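*Asks:* need a structure here:
(one chain, ligands or ions: 1)
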Amino acid sequence: RTLIAATAAALAAPGLASPGFAQGRVTLRLGHLANDQNVWHRACLHLAEQARALSNGRIDVQVFPNETLGREMDVINGMQLGTADMTITGESLQNWAPLASLLAVPYAVTSIQQMDVVAAGPIGQQINAEIVSRARVRPLGYFARGPRNLTANRAIRTPEELNGLRLRVPNVPVFVAVWQALGARPTPMAFGEVFTSLQNGTIDGQENPLALIRGANFNEVQRFVNRTEHVWSWIYVAISERRWQGLSAADRDIVAEAVRRAQAFERTLFVEDERSLEADLKAKGMTFVDSDQAAFAARARPAAIGSVRAEARPLLEQIMAI
Ligand code: 2Q2
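*Replies:* Sure, this is the predicted structure:
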């Protein structure tokens, strides 16, 4: 390392070739699934601005919305292999790190205050540590998410009314287990394929926070928002662990600080956005249904607890006690 550092310093002498390396330019490609109006995207642009300012233009975070850098699972794989650098991700990480399943447990967290207690406190630290060691992805901060709601072309008030609904879920094993137990037919699928699949009738419904429902125009192919509010969770802003380890200590500090600022920025936008989402979706023709959340919780919780790996249960109990 010392030798490499010495070589880099020599190359940095003015007049030498290879300016990209010599000036220590860092390009970080950040891909995510939300559209360019989404508050996560706007917060990522803020992150890029902050990183640029703090590094005098040396650190260039390039943000790719709408899965243009790849689907969520592909970007995570890319980060492990070194072909992508950053993303916004959460419970999908349970495919590598079992503790990430704790972001997907229905009716465990039920408010943004509880979300912060879990995500920013000792429980969150344990989840983060496992994500770093097993998924080789490093959470640097997190954004808020609204509760997940079930959309369909019919009102669904109780689990009985699911009645075999063909439901798209993300690639999250807990979601598959829970919706099966509730009486739906869940199919894992990437976010970017959902609109077309709803349109051509391959699936009947999907579940997501209102911001993603609006951003992906699901109102054009779904008439009802069934207010199940089944999962309240945060979502990580994460960097490839191998990329992180390759950054200088000074650059790590800059990137970490830019993420901290983006996290605060996102919270302000998120709170504002949440106020208008329901009215926006109603204006676009969606009908909101007050689903029986107690009935959903009664069936969903035991299924989720059953599907969470044994090693994650002690933390799950702590979350449920908050
Ligand atoms: O429906 C989606 O694809 C998103 O809301 C996902 O739930 C979310 O991206 C998780 O997969 C996070 O890992």
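*Asks:* So what touches stretch 257-268?
*Replies:* Stretch 257-268 has contacts (CB atoms under 8 Å, 6 or more residues apart in numbering) with 39-40, 42-44, 46-48, 50-51, 54, 59, 61, 140-144, 237. In this view, the C-beta of every residue, glycine as well, is placed from N, C-alpha and C.
*Asks:* same question for it, mean pLDDT?
*Replies:* Here stretch 257-268 scores 98 as its mean pLDDT.
*Asks:* Distance from it to the middle of the chain?
*Replies:* Distance of stretch 257-268 from its chain centroid, counting by CA atoms, centre = their mean, to the nearest Å, is 15 Å.
*Asks:* Take stretch 26-33, keep the C-alpha atoms, and write them as CSV.
*Replies:* Presented in CSV, the C-alpha positions along stretch 26-33 are these (Å, rounded to 0.1, in the frame of the first residue of the first chain):
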residue,chain,number,x,y,z
VAL,A,26,-13.3,9.0,-8.4
THR,A,27,-16.4,8.1,-10.3
LEU,A,28,-19.2,6.3,-8.4
ARG,A,29,-22.1,4.9,-10.4
LEU,A,30,-25.3,4.8,-8.3
GLY,A,31,-28.3,3.0,-9.8
HIS,A,32,-31.8,2.7,-8.4
LEU,A,33,-35.3,1.7,-9.4
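*Asks:* Show me how far it is from its chain's centre.
*Replies:* On CA atoms, centre = their mean, the centre of stretch 26-33 falls 14 Å from that of its chain.
*Asks:* do stretch 59-74 as well
*Replies:* 13 Å.
*Asks:* and it, average pLDDT?
*Replies:* Stretch 59-74 comes out at a mean pLDDT of 98.
*Asks:* number of nearby residues for the nearest residue to Ile254 once chain neighbours are set aside?
*Replies:* Computed as CB to CB, 6 or more residues apart in numbering, the closest residue to Ile254 that is not its neighbour in sequence is Leu54, at 4.5 Å. Neighbours of Leu54 under the rule other CB atoms under 10 Å: 18.
*Asks:* mind checking the SS state of Thr87?
*Replies:* strand (DSSP: H, G, I helix; E, B strand; the rest coil).
*Asks:* ok so, going back, which ones among the contacts of stretch 257-268 map onto helices?
*Replies:* 39-40, 42-44, 46-48, 50-51, 54 (DSSP state H).
*Asks:* among the residues you listed, who's most crowded?
*Replies:* Cys44 (30 neighbours).
*Asks:* pLDDT wise, what is that residue at?
*Replies:* The model reports Cys44 with a pLDDT of 99.
*Asks:* Point me to the helix or strand that includes the closest residue to it other than its chain neighbours.
*Replies:* Residue nearest to Cys44 in three dimensions, not counting chain neighbours: Val63, with 4.5 Å by CB to CB, 6+ apart. Counting by DSSP states H and E, the element that carries Val63 is strand 59-64.
*Asks:* so what secondary structure elements neighbour that strand?
*Replies:* Contact here means 3 or more CB pairs under 8 Å, 6 or more residues apart in numbering; DSSP states H and E; on that basis strand 59-64 packs against strand 26-31, helix 39-54, helix 249-283.
*Asks:* Now do the first one, average pLDDT.
*Replies:* Confidence over strand 26-31, taken as the mean pLDDT, stands at 98.
*Asks:* Show me the shaky parts of the protein.
*Replies:* Counting by pLDDT under 70, the ranges of the chain that qualify are 1-23.
*Asks:* what about the helices in it?
*Replies:* In the chain, the helices defined using DSSP H lie at 2-11, 19-22, 39-54, 72-81, 112-120, 122-130, 173-182, 194-199, 210-215, 241-246, 249-283, 293-307, 313-320.
*Asks:* Going by neighbour count, list what's buried in the fourth one.
*Replies:* This points to helix 72-81. 72-76, 78-80 (16 or more other CB atoms under 10 Å).
*Asks:* The strand holding Val63: which residues count as buried?
*Replies:* Neighbour counts using 16+ other CB under 10 Å place 59, 61, 63-64 of strand 59-64 among the buried residues.
*Asks:* Kindly reformat those as TSV containing distance to the ligand.
*Replies:* TSV is the format used below for those (distance: CB to the nearest ligand atom, whole Å):
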residue	distance to the ligand
Ile59	25
Val61	20
Val63	16
Phe64	15
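*Asks:* For the residue lying closest to Ile319 once chain neighbours are set aside, give its distance to Pro209.
*Replies:* Once flanking residues are discounted, Ile319 sits nearest to Ala108: 5.0 Å by CB to CB, 6+ apart. Per CB to CB, to the nearest Å, Ala108 is found 16 Å from Pro209.
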